[in-house]
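# Turn this into a structure:
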Amino acid sequence: MATTLVTEIQRAQARLRFLSRADRGALIVRILRELQTHRREVLGHVPADRCIWIDRLIVSVSSTIAEITGMPDAEFNRVLNEFEKLMATLQDVSQAETRLKTIH
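Numbering: from 1, shown residues only. The predicted model follows:
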């Protein structure tokens, strides 16, 4: 699912100046849902004190959606760049963990 989201982010970046505030909001909500899913499904077994980083990110994004969607194009693009990197990294880590579990 994260691969699809990374593609969505890249498409949004390509047509950034044509995105409405509603389009931006929908993308940020999609990113937020993916983070929540990752937290629940992949990190659900990890002790809470080791997941503070993602919990804080989820809360921060949740509480600032309006501000994020209202950012100027260049700033919003930087935010999307960071989310793209994060989603790709989370996917890579998840796949590596799956491979390790399969090997053991």
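
# Leaving out the residues flanking it, which one is nearest to the spatially most central residue of the chain?
Centrality entry for the chain: nearest residue to the mean C-alpha point is Ile31, 4.0 Å, by CA atoms, centre = their mean. Spatial nearest neighbour of Ile31, excluding adjacent residues (CB to CB, 6 or more residues apart in numbering): Phe83 at 5.2 Å. Every residue, glycine included, has its C-beta placed from N, CA and C.

# Does the one you found lie in a helix or a strand, and which?
helix 73-103 (DSSP states H and E).

# quick one on the thing from earlier: report all helices and strands that whichever strand or helix holds the residue nearest to the centre of the chain contacts.
Applying DSSP H and E as the criterion places Ile31 in helix 21-37. Helix 21-37 sits against helix 2-14, helix 52-63, helix 65-69, helix 73-103, with contacts defined as 3 or more CB pairs under 8 Å, 6 or more residues apart in numbering; DSSP states H and E.

# Report the buried residues of the first one.
Just to be clear, that refers to helix 2-14. For helix 2-14, burial by neighbour count (16 or more other CB atoms under 10 Å) applies to 2, 5-6, 8-9, 12.

# Pull out the CA atoms of it and give them to me as CSV.
Extracted in CSV, the C-alpha atoms of helix 2-14 (Å, rounded to 0.1, in the frame of the first residue of the first chain):
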residue,chain,number,x,y,z
ALA,A,2,2.9,2.4,0.7
THR,A,3,4.2,2.0,-2.8
THR,A,4,0.9,3.2,-4.2
LEU,A,5,1.0,6.1,-1.7
VAL,A,6,4.5,7.1,-2.8
THR,A,7,3.3,7.1,-6.4
GLU,A,8,0.3,9.3,-5.4
ILE,A,9,2.7,11.7,-3.7
GLN,A,10,4.9,11.9,-6.7
ARG,A,11,1.9,12.5,-9.0
ALA,A,12,0.7,15.3,-6.6
GLN,A,13,4.2,16.9,-6.8
ALA,A,14,4.1,16.8,-10.5
